[in-house]
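**Student:** need coordinates for the below:
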Amino acid sequence: MKTSIHSAIILAAGKNTRFDTGKPKSLQPIGQVTLLERQIRQLHRAGIRHIGLITGFRGDVLEKYIHELNPNLKFPVTIIRNEQFERGNGLSILAARYWFKELQLGTETAFLCTMADHVFGDDFYDRLMREVKPSKRNPQPLEPAILHLAVDMVSGSNTHIDVEDVTKVVIDLETAMDTSYDPESVTGAHIVEIGKHLRSYSYYDTGCFLLREGVFNAVEEASRSVGEGISDTVTLLTKRNEARVIDVSGVFWSDVDTPEDFETTTKLLNAEKPRFA
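**Tutor:** Below you'll find the predicted structure:
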């Protein structure tokens, strides 16, 4: 099935419990821009025209920031309020249901979901799109599933990641797609288990998802039976073979939860000048 991606949501509703400077963590400057602006411009450059920013805690600050930023962007960002931001982050995805429906992008269209406090290298979305969209080099289309999680294999390229805090992922290697583009890619493999406290694993959750419209019903069901977190929805879909992976191993990404994470990320990026359009 052809996968068309023109929209994304960025989750920015949570509290800055471990990195509280009096303003939303996503507004911390890194290089010449904030974490949030960096990611918005990267998504635009990857062909994402519609971006919904999910706000909650200190939402008024983020909304003012976006209002001032929008005139300088290629495409304006839409604000979506999550009034239940005190609860699990899966409800931030649910808050985007009607926004996504109103876009009227078609039943086969998927959307990206990322976290506002994650930092991605400039090649992250290029790599993700290569894995998702069929091309002459990679003719195999992505198999349909409600949820695909971008994962990074544990290696020397991600030793900066906090192992105690990162979400780990176990996959079924035998279900990976057969692709001539990259025989070592595990894109399409089913997720077997996900969580922060797994002892045996080979992949990290990068905080970027490819979702289809069915995820909204899945979040609702998970919130009633499993839990309100995104990982709870992944767990529910895993049992139905509706949770798979996109392999972006080797590209840079970082989860900024603490001042130490921010300092490490800044050093690794070396305050690079982003290649923004």
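**Student:** list of residues touching stretch 78-87?
**Tutor:** 9, 13-15, 50-57, 59, 62-63, 66, 91-92, 95-96, 99, 228 (Cβ atoms under 8 Å, 6 or more residues apart in numbering). All C-beta spots, glycine's among them, are computed from the backbone N, C-alpha and C.
**Student:** for that stretch, which positions count as buried?
**Tutor:** 78-80, 82, 85, 87 (16 or more other Cβ atoms under 10 Å).
**Student:** repeat for stretch 169-180
**Tutor:** For stretch 169-180, the neighbour count (16+ other Cβ under 10 Å) marks 169-171, 175-177, 179 as buried.
**Student:** how about stretch 112-119 as CSV, C-alpha atoms only?
**Tutor:** The C-alpha atoms that make up stretch 112-119 are tabulated as CSV, following Å, rounded to 0.1, in the frame of the first residue of the first chain:
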residue,chain,number,x,y,z
LEU,A,112,3.9,11.5,11.8
CYS,A,113,3.9,12.0,15.6
THR,A,114,7.0,13.3,17.4
MET,A,115,7.9,14.7,20.8
ALA,A,116,8.8,18.4,21.2
ASP,A,117,11.7,17.7,23.5
HIS,A,118,13.4,15.3,21.0
VAL,A,119,16.2,16.5,18.8
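**Student:** and residue 220, how far from residue 101?
**Tutor:** Separation of residue 220 from residue 101 (Cβ to Cβ, to the nearest Å): 15 Å.
**Student:** and those two? which has more neighbours close in?
**Tutor:** residue 220 (16 against 11; other Cβ atoms under 10 Å).
**Student:** over to residue 146: give its phi and psi.
**Tutor:** phi -70, psi -40 (degrees, to the nearest 10).
**Student:** go ahead and confirm it touches residue 243.
**Tutor:** Yes: between residue 146 and residue 243 a contact is recorded at 7.4 Å, counting by Cβ atoms under 8 Å.
**Student:** residues near residue 27, how many?
**Tutor:** Residue 27 has 17 neighbours, counted by other Cβ under 10 Å.
**Student:** measure it to residue 34 for me?
**Tutor:** Distance, residue 27 to residue 34, using Cβ to Cβ: 5 Å.
**Student:** so what sits against both of the two?
**Tutor:** Common contacts of residue 27 and residue 34 (Cβ under 8 Å, 6+ apart): residue 65.
**Student:** quick one, helices of the stretch 1-150 of the chain?
**Tutor:** 35-45, 59-69, 90-94, 97-103, 124-132 (DSSP state H, counting those that start in this stretch).
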